[in-house]
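>>> can't give you the sequence, but here's the structure:
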C-alpha cells in the first residue's frame, strides 16, 4: 500500500481520533496506584502496559502524527494536485451528468465567439484547445481555489514544524516562590523575587447556596533578567510577563506552613527547617513514622470540622500520619496550637506564608504554529466555500447551423453545481436568443 | 421569578409554537405554518439575545462564563444558523427539529442557572468574548447539520420501507401531487415515484422533501460552515490558553475532545469527496460527529474534571 493512498490516510485519521478519545476518557498522567484504585484490575493493567496513561506523549501517538503529516504531504502532491488541476482535455459531453445541448442557426465559429464572450463577461477564465481537429472551449471559475487543499495541508505541516521547534529548542517549567524569597530560573538565569502574593475570594449567594468565588490572584514580583537590574512587575492570570522571550504565567498559589516538632520540649531531629507546602512531609526523628501536610483549611467551623469558607478566618491544616507506607490517620489541626502526639512528642504548626506558583515557557515555535493555524483555516475556507468549476464547450456544425454541447464538472461532484449550471445554461440560451440565434432544447 | 428568567420562558414558548408550526409545515407543506413558524423562531432568538444582553448589562458580568449562558447561546445560535440556511437554501422543513432541540437545550440550561456569578481569574479575559461565541456557533452549525442528516436518514429509510407497487413506472410528466422532479442528475428513487403515483401517503410525503442528493449537499454546506468555525474556535482557544495557562495546548480533556470532533468532521469532509461515501455513510458520520460534539460540550464539562470545568 502506498503511503499517499486515500484510504490509508483516512485510516490514520480515524486511528488518530480513536487514540485521542482514549486520552479524553482515561485520566492522563496519574500515578499507577490511581489506575489500580479507580479502574477494574484488568483495565488498569491494560492502561499501564499500553502506556494509555500518558498516551499523547507516547511514541505511538507522536509517530502516528508523523505518518499523517508524511501521508498528507505525499497525497497532496501525488493525488490531490493532479486531480484538482486537470489538463485541458476533451470529454464525452453526454456522459457528464451536468450537460446540455443548444441548437443554433449560426455557423460554428460565430457561435463559439459569442459563447466565449458570454463566459468572459461573467468572469470565467476562457481557454481554447484543438484536439483531433475539433476546437474545444474551456471555461474555468475560481480556478485558484483548486489549491485550497494544498493550503490547508501546508498549514497542518507548519503547525507540526512549529511544535517540533518547541521540542528541539524550547523549554518550560514551574517554580514555587515563598513570599519574601527569590528563585533563579535554571534555563535562563532570570531571578524572580516575590514581594507579596494576594488573592481575592468573594462569597456570593447563588440559587444553589453560598459560593466562594475566586476573583483574582496577584504576584508582586521583582524581576531581573541575567545581567540586568531588577525591576518591579505584577503577574496576574491572563496577563503573562515576557522576559527576554520567555513567558511567565501566574499558575497557582498556596500556604506554606512551619512545622515544629518537639520531644519533651526539645526539637526533634528531622523536623523541617523550611516551611512545608501541601503534599510535603517529614519523618519523625529516627522512627518509621512520618507527618505529611495534606492541605490547608481556611476555616474550621464551631464543630471543629472543615468549613466552606476557604479564606483564613479560623485556619487549620489537615495532617496525615503514617507508619512506613501505611497511613495511620488524619487530623484537622488548628494553627498555632500545640498538638500532643503522645510519648512526649508535640506538634505545633505556625503561621502560614503564602507562596506563588509561576509557570514559564520559552517556545520559539509559536509564531510558526500561529501562522500554520491561520494557513490551515484559510485553506479550509477556500476548500469548503469555493466551488471551482470547469465548463466544456464543443460546437459542431449541423445542416441548420451549429450545435453547442456544454458540460460542467466541479471538484465537489455535480449536485452542488446543478442549480448554477441550470441558470448558466438558461442565461446562455437567452443570450444567444437575444443575438438572433435559434436555441433548442437542453 | 426574575425578569431574565421570564425572557427565557418567553423564548422557550416561542420555540414551542415555532416547533408545532414547522412540524405542521413538514407534514402538510401548508405555507401558513411556515409563515407562522418563522416569526416565532425569530422572536425566540430575539428574546434570548435580549436576555443575554440584559444579564450582561445588569450584572456587569459577561453572560457566557457558565454552562447556563453558553447553553442559552447554543440554543439561540442553532436557530440563527437554521434561519440563515433556510433563507438561502429553503430548508424550512428542518425547522421543527431545530426549534424543538433549541427549546430542549434552553430548558436544560435553566437547570444550570445559579444566578449571577463573577468569572474566575482564568475567564477574566477579552478572549472569552471571541472564543466562546465562535465555538458555540460551531456547535450550533453541527446541530443543524445533524438535523439535516436526520432528515436524510428519515427519507432514505422511508424510501426503502415504501413497498414497490405492481405495474409500470408512471409516464414522464405524470401528475403527482408534488412539484416536478427537482434534479436533473439524481431524482427520487423510481420506487418512491411509483409509490407516490399510486397514492401511498408516506411516499407522497417523502416526495415533498428534497432529493437525497440535495439533502446530502445541504448537510455538506452546513458542515462547511461549522468546521472552519470550530477550527477558529480551537485556534482562539489555544491563543487564550497561551495567555492564561502558559501553553497553547495542554491536552486538557476539553481540548482533546474538541480535537476528536474536529477529526471526525475532517474525515467527513474527506470522505465526501468520494462518490461512494456521499449520502448515507456521510449522513451517519454527521450523526456520529454531533454525538462527539455533545460529548465535548456537555459530557466533558459535566462529567470529566479539567481546566474547562465551568459548570456554574
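Noted; the coordinates are in hand. Just so it is clear, the structure is predicted and the values come from calculations on it, not from any experiment.
>>> Return the residues of the stretch 301-442 of chain A in contact with chain B.
Proximity of the stretch 301-442 of chain A to chain B, by C-beta under 8 Å from any C-beta of the partner chain, involves residues A:359-361, A:363, A:366, A:369-370, A:373-374, A:376-377, A:380-381, A:383-385, A:411-416, A:418, A:422. All C-beta spots, glycine's among them, are computed from the backbone N, C-alpha and C.
>>> what about burial for those, which qualify?
The neighbour-count test (16 or more other C-beta atoms under 10 Å in any protein chain shown) applied to these identifies A:359-361, A:363, A:366, A:369-370, A:373, A:376-377, A:380-381, A:383-384, A:411-416, A:418 as buried.
>>> Out of the residues you listed, which sit inside helices?
A:366, A:369, A:370, A:373, A:376, A:377, A:380, A:381, A:383, A:384, A:418 (DSSP state H).
>>> Let me have those residues in CSV, extended by distance to residue A:104.
CSV is the format used below for those (distance: C-beta to C-beta, whole Å):
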residue, distance to residue A:104
A:366, 61
A:369, 57
A:370, 56
A:373, 52
A:376, 47
A:377, 46
A:380, 42
A:381, 40
A:383, 37
A:384, 38
A:418, 24
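>>> Surely residue B:217 touches residue A:415?
Yes - under the criterion of C-beta atoms under 8 Å, residue B:217 makes contact with residue A:415 at 5.0 Å.
>>> Now for residue A:287, how many residues are close by?
12 (other C-beta atoms under 10 Å in any protein chain shown).
>>> now residue A:420
Counted with other C-beta under 10 Å, residues neighbouring residue A:420 total 15.
>>> Now it: which helix or strand?
Taking DSSP states H and E as the criterion, residue A:420 maps to helix A:418-434.
>>> quick check: mean pLDDT across that helix?
What helix A:418-434 shows for mean pLDDT is 87.
>>> Mind listing what's buried along it?
Buried, per 16+ other C-beta under 10 Å, within helix A:418-434: A:418, A:421, A:424, A:425, A:428, A:429, A:431, A:432.
>>> Pick the one among the residues you listed closest to chain B.
Chain B has its nearest neighbour among the buried residues of helix A:418-434 in residue A:418, at 5.9 Å by C-beta to the nearest C-beta.
>>> returning to that earlier point: how about the buried residues of helix A:418-434 in TSV, adding distance to residue B:97?
TSV is the format used below for those (distance: C-beta to C-beta, whole Å):
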residue	distance to residue B:97
A:418	25
A:421	30
A:424	34
A:425	35
A:428	39
A:429	39
A:431	42
A:432	45
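>>> show me where chain B has helices.
Using DSSP H, helices in chain B cover B:3-28, B:31-59, B:67-89, B:95-110, B:128-161, B:190-197, B:201-208, B:212-244, B:253-271, B:280-294, B:300-303.
>>> what about the first one, distance to the chain center?
Translated: helix B:3-28. 16 Å (C-alpha atoms, centre = their mean, to the nearest Å).
>>> need the contact list for residue B:61.
B:55, B:116, B:117, B:118, B:119 (C-beta atoms under 8 Å, 6 or more residues apart in numbering or on different chains).
>>> Please tell me how far residue A:23 sits from residue B:260.
9 Å (C-beta to C-beta, to the nearest Å).
>>> before we move on, what about residue A:28?
Taken as C-beta to C-beta, the span from residue A:28 to residue B:260 is 14 Å.
>>> Give me the more crowded residue out of those two.
residue B:260 (24 against 18).
>>> does the more buried one really touch residue A:22, like I thought?
No - between residue B:260 and residue A:22 there is no contact, the gap being 9.9 Å when judged by C-beta under 8 Å.
>>> The stretch 101-250 of chain B against chain A: which residues are in contact?
Checking the stretch 101-250 of chain B against chain A by C-beta under 8 Å from any C-beta, the hits are B:113-118, B:120-122, B:124-125, B:127, B:183-186, B:213-214, B:216-217, B:220-221, B:224-225, B:227-228, B:231-232, B:235, B:238-239, B:242-248.
>>> pLDDT weak spots in chain B?
Across chain B, the ranges flagged by pLDDT under 70 are B:1, B:163-187, B:305-312.
>>> how does it divide into domains?
B:1-118, B:129-312 (automatic domain parsing).
>>> Please identify which of these is closest to residue A:250.
Residue A:250 lies closest, by C-beta to C-beta, to one member of these: domain B:129-312, at 9.0 Å.
>>> quick one, what contacts residue 48?
Unless you meant another one, I'm taking chain A. Taking C-beta under 8 Å, 6+ apart as the test, what residue A:48 contacts is A:32, A:35.
>>> I was thinking of chain B, sorry if that wasn't clear
Here residue B:48 is in contact with B:7, B:8, B:11, B:72, B:73, B:75, B:76, B:106 (C-beta under 8 Å, 6+ apart).
>>> What is the most widely separated pair among the residues you listed?
B:7 and B:73 (13.8 Å).
>>> Pick out whichever of those two has more residues nearby.
A count of neighbours by other C-beta under 10 Å puts residue B:73 above the other of residue B:7 and residue B:73, at 24 against 21.
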